[in-house]
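Student: Build the 3D model from these lines:
(one chain, ligands or ions: 1)
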Amino acid sequence: MTSHKLAWWQNSTVYQIYPRSFCDSNGDGIGDIPGITAKLDHLKTLGVDVVWLSPVYQSPNDDNGYDISDYRAIMGEFGTMADFDAMLAGMTERGIALMMDLVVNHTSDEHEWFKQARTSRDNPYHDYYIWQEPIDGRAPTNWESAFSGSAWSFNEATGEYYLHMFSPKQPDLNWENPKVRAEVYELMHFWFKKGVRGFRMDVINLISKPWLADGRLPNAPVVQDGFLQPAFEMVKHGPRFMEFMREMRREVLDHYDSITVGEAPCATVQEAREITHPEAGALSMVFQFEHMDLDCQPGKGKWAIKPLHLPDLKASLSRWQSSLHGQGWNSLYWNNHDQPRIVSRFGDDSPAYRERSAKMLATCLHLMQGTPYVYQGEELGMGNVAWPGIEHYQDIETRNMYRVATQERGQAPEDVLRSIHAKGRDNARTPMQWSAALHGGFTTGQPWLAAHDNHTHINAEAALADPNSVFHHYRQLIALRKQHPVLVHGRYELLLPDHSHVFAYLRDDGVHRVLVLCNFSGQTQSLRCSQLPDLKGSIALISNLPDLTWSDSQNQLQPWEASAYCLATWPAPVED
Ligand code: NOJ
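Tutor: Prediction:
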């Protein structure tokens, strides 16, 4: 993966669509595939190369499509296979590649395989899933599923527990069984043959369960006495994981010029390097979570919120930048359907600084090395919602957590709601804001989840008409990667690692150098000349200020400013 041999997805930008919330074409309040097709020009104008489409397969929707009951059928609420084909043709016409969501750590419990598997221990599909005998009449381990409650559910017909790392309606598949792997490879071929260009792979690093290889099934370490314990660490990057991934590469991926991204909770840099190594690895890149965990208390899970300390974010992202350079490839993301909106999280969503801080965050991320991901609405600077009661929320993770926290753990509802406002997944799932019309123009019916009140002024129609909007800033950033190869293959170097408010870094490919300066605060930040490379003769590449005002005499960054420069000369060694 050198500068001479770039893969097409390395200078691409990916746009994620969460179909339920994107655009409703038939007034039933639920986004659908014809709705996506109708909005493809929005993506074309933005300039993205790839769409990652969250699941559109048949599903009982326990987890909004991440519980699949038929991998080769389209969910009725979203449309038909003919609608899918038309959407794909529309993307192809516009030069946009399609990446599907591959959810094969688990299926729905309504998938035919599981319906059969649970009927008897002798059923040929029984071994498609993961079963354990009760221990002392109880679940075999203390593991908590990601959606609260035990990760094991009892199945009366066979007298066994089955594993589900998520809801009981999402039983984990048994990847030790070669038939399961063959099924997965076949369904991947099915979608590739239709013309899709790749897959985002849901929690893919959980597929190899360690105890199925070595026979030992341990309890998870106790984080909080008297409760079930988080269990991803017990399962992730298991002993046969890389073997399975290389097999998938050989059996499927090597047959296509594909883009792949593996969602990899708890992944370390070393693991990511193994997975994405250009020769020995298997996938183009992974979604790592380290930077997304920095505003929660270590080990206590996502709901135990704490303020971000910027030097932690810089240290983390910089380690990923340096460690994967030439050895793998990074995905770059702030947002997706599971994360709160970044402008509300690390920026300032108040009217004074919403646009400027949204542009700053975009600039900081997009000028790093990796493939950037834009989640629907991020390009408009959409923010979080703060609804007054749990009844407004739909997300299974949020609702289950609220029930357990308030009913079993005695937490005050207002404290739990505060965490939900900061971290809940519905923040990302409010309808896409297309216009100032009712429900943001998302639907003519009653939306499945309420639109954000601010759709009256934050919407795509307004953003496209305003040359200084967040949308046009994203458009410029996406175009910059195509114009300046240094942004794609240049080395990354962090400056001012300890500065509490400024994120500054260099990109350098030996010929061109780019300096990126981002102020993560609402105060003006003054920097000493000696802290930065010489900016004399440099050319401004992009900024979120109307007039780029930097000069040696001022040396100041305005509140939430982001500015990037092409340097004319190689900087003298930076000293402090
Ligand atoms: C990760 C997905 O991004 C999330 O939305 C889903 O709930 C879980 N995996 C389970 O599939």
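Student: what sits up against the helix or strand harbouring V180?
Tutor: Using DSSP states H and E, V180 maps to helix 178-194. By CB atoms under 8 Å, 6 or more residues apart in numbering, the residues outside helix 178-194 that reach it are 71-72, 85, 88, 100, 102, 104, 113, 127-128, 173-175, 199, 244, 247-248, 251-252, 255-256, 258. C-beta here means a position set from N, CA and C on the backbone, and glycine is covered the same way.
Student: Type out the PyMOL command that picks the buried ones from these.
Tutor: Buried residues among the contacts of helix 178-194 (16 or more other CB atoms under 10 Å), as a PyMOL selection:
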select buried, resi 71+88+100+102+104+113+128+173+174+175+199+244+247+248+251+252+258
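Student: So which bits of stretch 50-68 are buried?
Tutor: Of the residues in stretch 50-68, 50-59, 61-68 count as buried by neighbour count, 16+ other CB under 10 Å.
Student: Which ones among these map onto strands?
Tutor: Those of the buried residues of stretch 50-68 mapping onto strands are V50, V51, W52, L53, Y57, Q58, per DSSP state E.
Student: give me every residue that touches the first one.
Tutor: With contact set as CB under 8 Å, 6+ apart, V50 has these partners: W9, S12, T13, V14, Y15, I96, A97, L98, M99, R197, G198, I259.
Student: Return the member of those residues nearest to H473.
Tutor: Comparing the contacts of V50 against H473 with CB to CB places T13 closest, at 13.3 Å.
Student: Quick check: the closest one touching G370?
Tutor: No. At 10.5 Å, T13 does not count as touching G370 under the criterion of CB atoms under 8 Å.
Student: Nearest spatial neighbour of the residue in the stretch 401-550 of the chain that the ligand sits nearest to, chain-adjacent residues omitted?
Tutor: Taking CB to the nearest ligand atom, the ligand has its nearest neighbour within the stretch 401-550 of the chain at R425, 7.0 Å off. Distances taken as CB to CB, 6 or more residues apart in numbering put D395 closest to R425, at 4.5 Å, once the chain neighbours are dropped.
Student: Counting neighbours, what do you get for the one you found?
Tutor: Residues lying near D395 (other CB atoms under 10 Å) number 22.
Student: Contact partners for it?
Tutor: N64, G424, R425, D426, R429.
Student: Could I get the full set of helices for the stretch 251-400 of the chain?
Tutor: 269-276, 310-324, 342-345, 354-366, 396-403 (DSSP state H, counting those that start in this stretch).
Student: Tabulate those helices in CSV, adding columns for distance to S500 and mean neighbour count.
Tutor: Listed next are the helices of the stretch 251-400 of the chain as CSV, based on distance: least, CB to CB, whole Å; neighbours: other CB atoms under 10 Å:
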stretch, distance to S500, mean neighbour count
helix 269-276, 24, 21
helix 310-324, 6, 18
helix 342-345, 18, 24
helix 354-366, 15, 26
helix 396-403, 32, 20
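Student: Q558: which of these is closest?
Tutor: Closest to Q558 of the helices of the stretch 251-400 of the chain is helix 354-366 (CB to CB; 8.3 Å).
Student: Confirm for me that V488 is in contact with W9.
Tutor: No. Counting by CB under 8 Å, V488 stays clear of W9, with 10.7 Å between them.
Student: With neighbour numbers in mind, choose between the two.
Tutor: Counted by other CB under 10 Å, V488 and W9 do not tie: W9 has more neighbours, with 23 against 18.
Student: What separation do you get for the nearest residue to the more buried one once chain neighbours are set aside and V51?
Tutor: Nearest residue to W9, sequence neighbours excluded (CB to CB, 6+ apart): I259, at 4.0 Å. The gap separating I259 from V51 is 11 Å, by CB to CB, to the nearest Å.
Student: what sits in contact with each of the two?
Tutor: V14, A97, M99.
Student: now those residues in a markdown table, with pLDDT and neighbour count?
Tutor: Converted to a markdown table, those look like this (pLDDT from 0 to 100; neighbours: other CB atoms under 10 Å):
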| residue | pLDDT | neighbour count |
| --- | --- | --- |
| V14 | 99 | 26 |
| A97 | 98 | 23 |
| M99 | 98 | 23 |
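Student: any idea which of the residues you listed is closest to the ligand?
Tutor: For these, the minimum distance to the ligand (CB to the nearest ligand atom) is 13.8 Å, reached by M99.
Student: Now for the contacts of D395: which two are most distant?
Tutor: Using CB to CB, the contacts of D395 span at most 13.6 Å, a distance reached by N64 and G424.
Student: How about the contacts made by the residue in the chain that the ligand sits nearest to?
Tutor: The chain approaches the ligand most closely through Y66 (3.4 Å), counting by CB to the nearest ligand atom. Contact analysis of Y66 by CB under 8 Å, 6+ apart lists S54, P55, S59, D101, V103, F166, Q170, D202.
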